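Novice: okay, sequence plus prediction incoming.
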Amino acid sequence: MNNEYDVLIIGGGVIGAAVARELSHYKIRIALLEKEFDVSFGTSKSNSGIVHAGFHSMPGTLQAELCVEGNRAFDRLSEELEFPFERRGSLMAAFSEEEIQILHMYYERGRKNNVPYMEFLSQDKTLEMEPNLNPDVLGSLFAPSTGIVCPYEFCYALVEDALQNGLDLFTQEKVVGVRRGSARSVEVETEKGLRLSGWFVINAAGLYADEVAKAAGVGDFEITPRKGEEYLLDRRVSNLVRRVIYPVPTPTSKGLLVIPTVDGPVMVGPSAVDVESKTDLGTTSQGLKMIFEHAQKMVPSIRTSDIITSFAGLRPVATGDDFIIGPTKMKGFINAAGIQSPGLTSAPAIAETIRGILLKEGLKLEIKPDFIARRRGILHIRKAVEDRDFDKVEDAIHIDSGYAKLVCRCENVTEAEISEAVKRGHTSMDAIKFMTRAGTGRCQGGFCSSRVMKIIEKETGTPLEKISKKGPGSEILLLPFAKGKQD
Amino acid sequence: MKLNFDALIIGAGPAGLGAALSLKENGIDDILIVDREDSPGGILLQCIHNGFGLHRFKEELTGPEYAERDINLVRERNIDILLNTCALDIISEENHKTVVLLSEDKGLLRAKAKVVILAMGCRERNRGNIAIPGARPAGILTAGFAQKMMNMLGHPPGNEIVILGSGDIGLIMARRLSWEGARVKAVIEAQAYPGGLNRNIVQCLHDFDIPLYLSHTISNILGAKRIESVEVAPLDHGVPAKPEGRFSLACDTLLLSVGLIPENELSLKAGVILDPATRGAVVDANLMTSVEGIFACGNVLQVHDLADNVSEEAACCGKSAARYLVGERVKKREIPLKTGNLVRYVLPACAEVGKEVIVSFRPISPAQNVTLVIKTDTEELLRKKERKIFPSIMHRINLKQIPENAAYLEVSFVSEEK
């Protein structure tokens, strides 16, 4: 194996993925290292899926600049890479005269940040656009450029396209050492002993970016995990809101949102609590209570009895609170760290920034004439079934008879879709769930899990007991008495 | 393939099979049963424990044996079953329903039927529905999924098991997994009384020295990749105790047996109105739903305790669907059925005066020394002493004839006067 690359990217979250896709335009060798079983399995998997307009960030910050720039890239990217994206717009809803004043402050910020087409809406207009909002709302700030996206498919699509264009992907490879190699190259070593060298290393290690930087001897920042809990509601109440509903932020938080998703169901959250541990992904009863109290203030008909699942994610907050993007004292080692919200929105712009830095640092970037810009999405029948457009389902069956085999009946996912996800390299239950939605519905995999496991077994030859939720150690079934604990 | 039927039945579990047999017995021959699995029998196939058929056959059968009797009769009577087929939608048209089917062998089908019988059964409540806080590692399964993996695929779910909820499936899995050599450390129940049948508490927990913690809940789940432990909190009037009153149980598997929900998403698409108490369809005494020509029976209508009761209900449903098909309609006045003291729900929602009706109901909470009273606005139809009642035990009473002058019917449990 040739272990010499031009660029090594550490971290297969949405930032590493966007950088990989951007750099795969050029005639260079790139490798992406991810410590988890699949890409997007870190912070990205718990993302709220909002493509922010950019009026929250303080003018002059990297966040403000990259968010607005990143937002603009989503139309083109979603067309090229066929991931779900919709410009639904957002309302920041005010419930007091004081909050109305604060809306003006955000309008001003947005204007300075070049957020397009923002406007103030009266109470009537606000309620006309979102009839389920609390009628006590006094007015709102409307930002039509806010979008929603499927965060995992965005990440998978970026990586799949980069793979088509020559990226080498190494999953389950945790970087433990970064040192100066021969000549001017940087050598990276993983826990399992894999050694790769590159002229440049991009540190997109999310929550662990501070540790990777320390390993390289340039650790001048800390990453603090900030937990966000989210609660997904039943598809039955998908029509609660059409747009992203923001409250007026408090000094400490962007506040609790009511978020439509591209897949239909509405989500509420995320909370924002600084935690000690980078692995503390637990939801809490306090979080649940607080989130629903706030969400119900904005949309009173939201009910906890409609929760079908919950999850938590950790935002990587760097010292100084802004993104840390740029070269370091170690020649060739470049940070893309502290990428908290609006990180997913900014990802395309961060990738372009990194490309610019690489050029400036002396990397020769020559466009590949045979670059493949298009990535084919997976054809899903869920929407056709919901819309009673059964001719479309018949068409799909003509293409692939696997579309006649319904596996997940809550979300109408067929064997054809699951097989395709497995063929694209997603072989854990979580990844299949993210990619196809099988198991995300109201029964939460109660009926389809065993079927999905059998499809993975059939497609990959992996025995059932080796099939896991999210990689080794999280197998769905335990062999009897494999490691019977004694107490 | 023929796509026109008198009756199309969705689901080939005990409800669907029973309804088909009853339709046939009552003169209807043109029937199709569809089922999503590759063999008929429904959830009975994974219930390899005994205890089925005590009422109906006066003998003790396993789930598959019970199912086999109906399957054999359906085959003998040449009733068609289309397997590996999911019903996607039901659309009401002028004189029939179009049922959109997705069949592994035959692709997308638009079948027409004069009568549709809903017999889709129920699903298990899961972690999301009850919002247990904590991490989301592997090793958290519903009891029914664990039962399927164990009994159908031969894979035990884990070695050190904690079960949340004392529903019957959870209790049966406690015994099943103990037999397989797993250690079931506890069954945790939020209510002050068990959720399952008493015979299962005795045979599945007491016989295996498995502790049952009543009025307790799981307040946290710990573990990164696989579940490592749960935090158990005593409940005081539904409120979890302070952290110092809680304790931890190490485990590699958490099974959830926290209730069943009738699987009515298809019914909703068809426009059927549901009863919030049963989460099944609102039906009349003929078990017809709010949509004319659509009937429902079995666990999709109300969650039953016994398969025997499902079969009985399915037989009634098939019979009234057959009558409907030959043009028999409600002739006399219909009166509402009401819930009285201590009654959570009554099914059906209404009944025809002068006719027979089978009334199903459950108490809202356990009680002792009460009297069951069924009455109309003018007279008492039934009065029966009940020493102990439990929400886990459904009552089914056959009323031979509803008085012609009744305005309503009310079911209640009245405390005995000392």
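Specialist: It's in.
Novice: domain ranges for chain B?
Specialist: Using automatic domain parsing, the domain parsing of chain B gives B:1-124+B:260-329, B:126-258, B:332-418.
Novice: run a quick check on A:E230 versus A:G49, I expect a contact.
Specialist: No: distance between A:E230 and A:G49: 9.8 Å, which falls outside the contact criterion (C-beta atoms under 8 Å). Backbone N, C-alpha and C define where each C-beta goes, glycine included.
Novice: which neighbours do these two have in common?
Specialist: In the contact map built from C-beta atoms under 8 Å, 6 or more residues apart in numbering or on different chains, the residues linked to both A:E230 and A:G49 are A:M267.
Novice: thinking again about what came up before, reformat the domains of chain B as TSV; add distance to chain A, mean neighbour count and mean pLDDT.
Specialist: Formatted as TSV, the entries for the domains of chain B read as follows, by distance: least, C-beta to the nearest C-beta, whole Å; neighbours: other C-beta atoms under 10 Å in any protein chain shown; pLDDT from 0 to 100:
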stretch	distance to chain A	mean neighbour count	mean pLDDT
domain B:1-124+B:260-329	4	21	96
domain B:126-258	4	20	93
domain B:332-418	17	16	93
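Novice: what about the helices in chain B?
Specialist: B:14-25, B:63-76, B:127-130, B:143-153, B:168-179, B:198-200, B:265-269, B:307-325 (DSSP state H).
Novice: which other helices and strands does the second one contact?
Specialist: Right, helix B:63-76. In terms of contacts (3 or more C-beta pairs under 8 Å, 6 or more residues apart in numbering or on different chains; DSSP states H and E), helix B:63-76 is packed against helix B:14-25, strand B:50-52, helix B:307-325.
Novice: cool, the longest one as well?
Specialist: Counting contacts by 3+ C-beta pairs under 8 Å, 6+ apart, helix B:307-325 is packed against strand B:4-10, helix B:14-25, helix B:63-76, strand B:107-118, strand B:294-296, strand B:357-363.
Novice: what about the strands in the stretch 51-200 of chain A?
Specialist: For the stretch 51-200 of chain A, applying DSSP state E, counting those that start in this stretch gives strands covering A:85-86, A:90-94, A:119-122, A:139-143, A:147-149, A:168-170, A:175-180, A:186-190, A:195-203.
Novice: who touches the last one?
Specialist: Outside of strand A:195-203, the residues within contact range by C-beta under 8 Å, 6+ apart are A:3-11, A:16, A:19, A:31, A:33, A:170, A:178, A:181-182, A:184-189, A:209, A:212-213, A:216, A:332-337, A:354, A:358, A:361, A:363.
Novice: neighbours around A:A162, how many?
Specialist: Neighbours of A:A162 under the rule other C-beta atoms under 10 Å in any protein chain shown: 26.
Novice: ok, it - contacts?
Specialist: Listed by C-beta under 8 Å, 6+ apart, the contact set of A:A162 reads A:A17, A:A20, A:R21, A:L23, A:S24, A:I30, A:L32.
Novice: do A:A53 as well
Specialist: A:V68, A:N71, A:S90, A:G110, A:V115, A:M118, A:A143, A:P144, A:S145, A:T146.
Novice: pretty sure the fifth one contacts A:S145?
Specialist: What it means is A:V115. Yes: A:V115 sits in contact with A:S145 when judged by C-beta under 8 Å, with a separation of 6.6 Å.
Novice: what about those two, which has more around it?
Specialist: A:V115 (25 against 21).
Novice: picking that back up, separate out the buried members of the contacts of strand A:195-203.
Specialist: A:5-11, A:16, A:19, A:31, A:33, A:170, A:178, A:181, A:185-189, A:209, A:212-213, A:216, A:332-337, A:354, A:358, A:363 (16 or more other C-beta atoms under 10 Å in any protein chain shown).
Novice: those: which ones sit near chain B?
Specialist: Residues shared between those and the neighbourhood of chain B: none [C-beta under 8 Å from any C-beta of the partner chain].
Novice: can you flag which of these belong to helices?
Specialist: Judged by DSSP H, helices contain the following of these: A:G16, A:V19, A:A209, A:V212, A:A213, A:I354, A:L358.
Novice: and the third one, how far is that from A:G219?
Specialist: Applying C-beta to C-beta, to the nearest Å, the value for A:A209 to A:G219 is 9 Å.
Novice: with the second one instead?
Specialist: Plainly put, A:V19 is 21 Å away from A:G219 if you go by C-beta to C-beta.
Novice: with A:E386 instead?
Specialist: As defined by C-beta to C-beta, A:E386 lies at a distance of 50 Å from A:G219.
Novice: A:I15 reaches A:A205, doesn't it?
Specialist: No: at 9.3 Å, A:I15 does not count as touching A:A205 under the criterion of C-beta under 8 Å.
Novice: residue contacts, the residue lying closest to B:D105 once chain neighbours are set aside?
Specialist: Here the nearest residue to B:D105 in space, its sequence neighbours aside, is B:N84; by C-beta to C-beta, 6 or more residues apart in numbering or on different chains that works out to 6.6 Å. Taking C-beta under 8 Å, 6+ apart as the contact definition, B:N84 lies against A:K405, B:R36, B:E37, B:D38, B:S103, B:E104, B:D105.
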